[in-house]
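In: show me how the following folds:
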Amino acid sequence: MDLEKPPARPPHPEGCLTVAIRVPVRIVVLVLVVPVRMAWDALTAAGRLLSRTVLRPLGRALRWLGRALFVLPFVALWRWVVVPAGKALGWLGNALVAVPARWLYRYVLTPLGHGLARVAQAIGGALGWLYARVLTPAGRGIARLLRGAGLLLAAAGAGVCAVMAWLGRHLLVVPARWLYAWVLTPVGRALAWLVTALVTGVGAVLYWTARLLLVLPALALWRWVLLPVGRALAVVARETGEALRHAWRIAGRISRAVARVLGTLLRWILVDPVRWVHRTVLVPAGHTVRDHVLRPAAEAARAVGRSVRQALAGARDTVRQARADLRRTLLGEPGPPAPVDRREPVGRGTRTLERSTTALTKD
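Out: Numbers count the residues shown, from 1 in each chain. Here you go, the predicted model:
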């Protein structure tokens with residue numbers, strides 16, 4: 001068993017034309033592609049920001065507006081107008097069309113159809129008797145007469161056809177066959193041989209003329225001019241594609257590096273100062289205002305509210321007491337409530353909440 005790793009094959013050798021074209025093409029393509037890639041990245045970032053901050057909220061607002069302006073009115077129209085109107089029209093159609101039509105079919109058209117069926121059955125029976133008793137015997141007699149006449153005509157026609165066939169064979173077929181076999185066939189073969197020889201000679205002349213004048217020059221042009229030029233153009237196109245791919249990738253890295261630098265500068269110039277001002281100035285100031293102004297004001301407002309509620313409660317109690325005194329002065333003391341007969345048993349033997357004895361388990 002061979003445990004050694006086989007040596008790697010060397011890469012395919014490249015020609016001097018490929019090496020000479022690759023470096024300048026990559027430099028030129030990189031210079032041209034970097035601005036395009038940076039503009040593309042900037043447009044992509046702007047598009048994402050626009051989609052996240054403008055287009056999506058606008059789409060949600062338009063969807064809500066469309067639902068409020070179109071969907072809900074149509075749903076309400078369908079539910080409260082179209083459906084009741086359809087039910088009303090269905091009831092009217094049933095009452096005005098279906099019921100009268102059913103009555104007409106049951107009490108008018110059905111008896112009329114039964115009567116017409118009986119009349120048609122009687123007429124059919126009469127026609128069947130006429131066909132069986134009159135038309136069928138007459139037709140059979142006429143058919144026998146026609147069959148006899150046909151046999152006579154067939155015999156006469158057969159004799160005439162035999163005579164015409166014998167005359168046509170000896171006057172047309174035999175002379176035409178002799179003319180085809182001894183005249184037309186030799187002449188046709190001679191003409192075919194002449195035409196074949198002429199076409200072969202002319203074809204050979206045209207073939208060599210076309211080969212010498214067209215094929216060989218075109219083959220030389222393809223082999224010594226077009227094929228080398230095509231290979232050179234293929235190398236240029238391949239190297240241009242490779243250069244575009246590498247340049248696009250390198251331009252992406254450059255664009256990301258520029259974006260990081262600009263983001264760092266923006267953070268240093270704007271974000272960090274704003275964050276420092278918020279953390280060191282606005283937050284302590286807000287806490288001071290909250291602790292020394294807002295909370296005391298809220299406590300004072302709650303105390304005033306409690307005092308006002310207590311005063312209102314005392315005033316309500318005073319008014320309620322004064323109203324009760326005035327009613328007692330004008331109308332007197334209210335009488336005791338009348339007893340209500342609840343139909344419950346009274347006595348020691350009844351069930352009570354203090355004792356567990358009942359009328360069934362008492363001593």
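In: hey, let's count contacts and neighbours off CA atoms from now on
Out: OK.
In: so what's the backbone phi/psi at the residue positioned nearest the centre of the chain?
Out: Taking Cα atoms, centre = their mean as the criterion, residue 63 is the residue nearest the geometric centre of the chain, at 19.9 Å. When quoted as degrees, to the nearest 10, the phi and psi of residue 63 stand at phi -70, psi -40.
In: against residue 76, how distant is it?
Out: 18 Å (Cα to Cα, to the nearest Å).
In: show me where pLDDT drops low in the stretch 251-363 of the chain?
Out: Residue ranges of the stretch 251-363 of the chain with pLDDT under 70: 332-363.
In: let me fix that, I meant to ask about the stretch 1-150 of the chain.
Out: In the stretch 1-150 of the chain (pLDDT under 70), the answer is 1-22.
In: residue contacts, residue 142?
Out: Residues counted as contacts of residue 142 (Cα atoms under 8 Å, 6 or more residues apart in numbering): none.
In: tell me the helix or strand right after the helix or strand it falls within.
Out: Following DSSP states H and E, one finds residue 142 within helix 136-168. The helix or strand immediately downstream of helix 136-168 is helix 174-179, counting by DSSP H and E.
In: gap between that next one and the chain center?
Out: When distances are taken as Cα atoms, centre = their mean, to the nearest Å, helix 174-179 is centred 77 Å away from the chain's centroid.
In: mind saving the C-alpha coords of it as CSV?
Out: Extracted in CSV, the C-alpha atoms of helix 174-179 (Å, rounded to 0.1, in the frame of the first residue of the first chain):
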residue,chain,number,x,y,z
VAL,A,174,-51.9,-3.8,-75.7
PRO,A,175,-50.6,-0.9,-78.0
ALA,A,176,-49.8,1.3,-75.0
ARG,A,177,-47.9,-1.5,-73.3
TRP,A,178,-45.9,-2.2,-76.5
LEU,A,179,-45.1,1.5,-76.8
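In: now that helix: mean pLDDT?
Out: For helix 174-179, the mean pLDDT works out to 83.
In: can you tell me the closest non-neighbouring residue to residue 37?
Out: Take residue 37 and drop its neighbours on the chain: the residue closest to it by Cα to Cα, 6 or more residues apart in numbering is residue 251, 5.9 Å away.
In: tell me the contacts of the one you found?
Out: Residue 251 makes contact with 30, 33, 34, 37, 38 under the criterion Cα under 8 Å, 6+ apart.
In: who are the contact partners of the last one?
Out: Contacts for residue 38 (Cα under 8 Å, 6+ apart) come out as 251, 252, 255.
In: if you set the cut-off to 6 Å instead, what comes out?
Out: Residues in contact with residue 38 (Cα atoms under 6 Å, 6 or more residues apart in numbering) are residue 255.
In: any idea how far it lies from residue 49?
Out: 17 Å.
In: next SSE downstream of the top helix by length along the chain?
Out: Counting by DSSP state H, the longest helix found in the chain is helix 227-266. Note on helix 227-266: by DSSP H and E, the next helix or strand toward the C-terminus is helix 272-277.
In: contacts for that following helix?
Out: Outside helix 272-277, no residue touches it (Cα under 6 Å, 6+ apart).
In: following it, which helix or strand comes up?
Out: Immediately after helix 272-277, counting by DSSP H and E, sits helix 283-289.
In: pull the CA atoms of that next one into PDB?
Out: Only the C-alpha atoms of helix 283-289 are listed here, as PDB (Å, rounded to 0.1, in the frame of the first residue of the first chain):
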ATOM      1  CA  VAL A 283     -29.500  63.500  33.500                       C
ATOM      2  CA  PRO A 284     -28.300  65.200  36.700                       C
ATOM      3  CA  ALA A 285     -30.400  68.300  35.900                       C
ATOM      4  CA  GLY A 286     -33.400  66.100  35.200                       C
ATOM      5  CA  HIS A 287     -32.900  64.200  38.500                       C
ATOM      6  CA  THR A 288     -32.600  67.500  40.400                       C
ATOM      7  CA  VAL A 289     -35.700  68.900  38.800                       C
END
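In: distance from the chain centre to that helix, please.
Out: Counting by Cα atoms, centre = their mean, helix 283-289 comes out at 58 Å from the chain centroid.
In: and what of stretch 143-162?
Out: Worked out by Cα atoms, centre = their mean, stretch 143-162 lies 76 Å from the chain centre.
In: stretch 75-90 now?
Out: 30 Å.
In: can you list contacts of it?
Out: Outside stretch 75-90, no residue touches it (Cα under 6 Å, 6+ apart).
In: start to end distance for that stretch?
Out: First residue to last in stretch 75-90 (Cα to Cα) measures 21 Å.
In: in that stretch, which residues are buried?
Out: Buried residues in stretch 75-90, counting neighbours by 16 or more other Cα atoms under 10 Å, are absent.
In: and for stretch 162-175?
Out: Under 16+ other Cα under 10 Å, stretch 162-175 has no buried positions.
In: just the endpoints, please. Distance across it?
Out: End residues of stretch 162-175 are separated by 20 Å (Cα to Cα).
In: residues near residue 239, how many?
Out: 19 (other Cα atoms under 10 Å).
In: quick check: it vs residue 331, distance?
Out: The value you get for residue 239 to residue 331, if Cα to Cα is used, is 116 Å.
In: could you do residue 51 as well?
Out: 79 Å.
In: who has more neighbours, these two?
Out: Using other Cα under 10 Å as the criterion, residue 51 and residue 331 rank with residue 51 on top: 14 against 9.
In: now do the phi/psi pair for the more buried one.
Out: Here is the backbone geometry of residue 51 (degrees, to the nearest 10): phi -70, psi -40.
In: and the gap between it and residue 63?
Out: Taking Cα to Cα, one finds residue 51 at 16 Å from residue 63.
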